[in-house]
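Chemist: Following is a predicted model, sequence given first.
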Amino acid sequence: MTEHFCSNLKLLCSYHKSIAEVCRRLGVNRTQFNRYLKGSNHPSTHRLQQICDFFGVEPHEILLPHHQFQRLISVRPRITTHATEQPAAEQQHLQRLRQQSGQGLDRYLGYYFEYYLSMASPGKILRTLVHIEKVSDQVVFQRLERMQERPNEKPCHGIYLGAAYLLADRIFMVDYESLTGQEISQTILFPSYRNRISYLTGLKLGASGSGERMPCATRVVYEHLGNSVDKRQALRLCGLYPLDTDQIEPLLKQALSNQIAADEYHLRARHLPR
């Protein structure tokens, strides 16, 4: 990371209304982003790529000498304009959803393990780590996948970023795969009516990560972990598990079954079995 990164990042931010807007749209903590601007901390490789994708530049470009970067940006009006202007209609829709959602999601902030039958690896259970947090007036979340097909292979990671809304007694979550931008998924969960949140159940809709990219729907369970976790340790527990694994509770495995009863015509969400 060069000394020019801070100056170049400040220049890119100047095309936006405020630093707060940049942080909100990036899904980055404001305090952490301020450290990037001051040079007291540097983004990881994945976060740097996310920042560059947002502003429409390449990682090697944002590290160029500042005068060279200024010249480069000056000949890219379409890129900078595209990055800073969000269609008014889209803003209106999102603002309306935020207003209707209100404060009801505050009690669901924190970390969760997410469980569902993998769309890319049929017959296996996928456990991911989800962090739901509030940034300004918006509830956003990050979903981290850790995929390792074989024990000796290096695991690969997927980072999904999204927003959550509580509408008419259901939690709606929409996210996208941040590294490639080629996948969007939606999850709808039952809210918990208990004082202590343990599990949330619902349905997930997405496209399989395999070559066919087939649209799929599957039952899903969120297991609440608390407001803070050992993130490294939690990620070690994420990945693919066989259906007969003893590392996932039988109750959860039963809830993930995608069987449809004879009198059902759709794949419907179900409450967690008691």
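Modeler: Received it, and whenever you're ready, just let me know what you need.
Chemist: Output the lowest mean pLDDT helix or strand found in this structure.
Modeler: helix 77-84 (a mean of 43; mean pLDDT, DSSP states H and E).
Chemist: helices or strands next to whichever helix or strand comes after it in the packing?
Modeler: Counting by DSSP states H and E, the element after helix 77-84 in chain order, helix or strand, is helix 88-101. The elements that helix 88-101 packs onto, with contact taken as 3 or more CB pairs under 8 Å, 6 or more residues apart in numbering; DSSP states H and E, are strand 156-167. (Each C-beta comes from the backbone N, C-alpha and C, glycine too.)
Chemist: model confidence over the helix or strand just after the strand it packs on, on average?
Modeler: The helix or strand immediately downstream of strand 156-167 is strand 170-177, counting by DSSP H and E. The predicted model gives strand 170-177 an average pLDDT of 94.
Chemist: do stretch 233-247 as well
Modeler: Per-region confidence: stretch 233-247 scores 94 on mean pLDDT.
Chemist: Which residues outside it are in contact with it?
Modeler: 111, 113, 118, 121, 123-129, 144-149, 155, 225, 248, 253 (CB atoms under 8 Å, 6 or more residues apart in numbering).
Chemist: buried sites along it?
Modeler: The neighbour-count criterion (16 or more other CB atoms under 10 Å) identifies Ala234, Leu235, Cys238, Gly239, Leu240, Tyr241 as the buried residues of stretch 233-247.
Chemist: start to end distance for stretch 30-49?
Modeler: Counting by CA to CA, to the nearest Å, the length from the leading to the trailing residue of stretch 30-49 is 18 Å.
Chemist: Quick check: which ranges of the stretch 101-250 of the chain have low pLDDT?
Modeler: When the per-residue scores of the stretch 101-250 of the chain are filtered using pLDDT under 70, the ranges that remain are 149-150, 210.
Chemist: cutoff 90 now
Modeler: The stretch 101-250 of the chain contains residues with pLDDT under 90 at 101-104, 120-122, 135-138, 146-159, 168-169, 177-183, 191-197, 207-214, 232.
Chemist: for it, what spans make up the helices?
Modeler: For the stretch 101-250 of the chain, applying DSSP state H, counting those that start in this stretch gives helices covering 231-236, 250-255.
Chemist: May I have the beta-bridge partners of the most centrally placed residue in the chain?
Modeler: For the chain, Leu161 is the residue whose C-alpha lies nearest the centre (CA atoms, centre = their mean; 2.5 Å). Partner residues in beta bridges with Leu161, using DSSP bridges, are Gln142, Tyr176.
Chemist: got a list of what the residue lying closest to Gly158 once chain neighbours are set aside touches?
Modeler: Nearest residue to Gly158, sequence neighbours excluded (CB to CB, 6 or more residues apart in numbering): Glu145, at 3.7 Å. By CB under 8 Å, 6+ apart, the contact set of Glu145 is Leu126, Thr128, His157, Gly158, Ile159, Tyr160, Cys238.
Chemist: I'd say the third one and Arg146 touch.
Modeler: Yes: counting by CB atoms under 8 Å, His157 touches Arg146, with 5.6 Å between them.
Chemist: the more surrounded of the two?
Modeler: Under the neighbour definition other CB atoms under 10 Å, His157 and Arg146 were set side by side, and Arg146 has more, 19 against 13.
Chemist: what about the more buried one, distance to Gln92?
Modeler: 37 Å (CB to CB, to the nearest Å).
Chemist: Gln49 falls within a strand, correct?
Modeler: No: going by DSSP: H, G, I helix; E, B strand; the rest coil, the assignment for Gln49 is helix, not a strand.
Chemist: ok, Phe69 - how many residues close by?
Modeler: Residues contacting Phe69 under the criterion other CB under 10 Å number 21.
Chemist: measure the spatially closest residue to it that is not a sequence neighbour to His66 for me?
Modeler: Counting by CB to CB, 6+ apart, Asn8 is the residue found nearest to Phe69 once chain neighbours are left out, at 4.7 Å. Asn8 sits 6 Å away from His66, taking CB to CB as the criterion.
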